[in-house]
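Trainee: Starting from these lines, generate the structure:
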Amino acid sequence: MKDVIDRAGLAARFWEKKPLSELNQKEWEALCDGCGKCCLNKLEDEETGEVALTRVACRLLDDATCRCSQYPIRHQFVPECIVLKPDNLDTHAYWMPETCAYRLLWQGKPLPEWHPLLTGTPESVHAAGVSVRGWTVSEFETPEDEWEDHIIEEPT
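Mentor: Here you go, the predicted model:
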């Protein structure tokens, strides 16, 4: 499968040499591993602040590709969709998936060995079993009061 993220021409291991705040747009986008977990609906415990991922996917997630089907215009359909940037990562990292490159690097941790920047292929995230490919349920077909029935354990 062709990688929809342009990773060509990037400096080797750039994420280890530059702070997140100094990455250009291409480098920032290349950090996305394509797992699709950020597009899963989450439940946050109001008392503890703990966040649980569910297998209930955003209406725009294509669960075969683990990509947003309307990425460039997603805010027309999902106004609350977050545009993750270096300057807002500190307020969003807590709900990002445990395996997310943005969260890991923000925490000072290395990228996992299956990350496409290390393997050279976007399929490695799926082969490692950490993507949502093929196992999400539709938010349109799953009433919100049933989302707790679809909580997943992290990391997955």
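Trainee: can you pull out the strands in the protein?
Mentor: Using DSSP state E, the strands of the chain run over residues 40-44, 51-57, 61-62, 67-68, 137-138.
Trainee: Against which helices or strands is the last one packed?
Mentor: In this case it means strand 137-138. The contact analysis (3 or more CB pairs under 8 Å, 6 or more residues apart in numbering; DSSP states H and E) places strand 137-138 against strand 51-57. For every residue, glycine as well, the C-beta is placed using N, CA and C.
Trainee: what comes up buried for the strand it packs on?
Mentor: For strand 51-57, a neighbour-count test (16 or more other CB atoms under 10 Å) marks 52-57 as buried.
Trainee: now it: how far from the chain's centre is it?
Mentor: Here the centre of strand 51-57 is set off from its chain's centre by 12 Å, with CA atoms, centre = their mean, to the nearest Å.
Trainee: Could you do stretch 40-52 as well?
Mentor: Offset of stretch 40-52 from its chain centre (CA atoms, centre = their mean): 17 Å.
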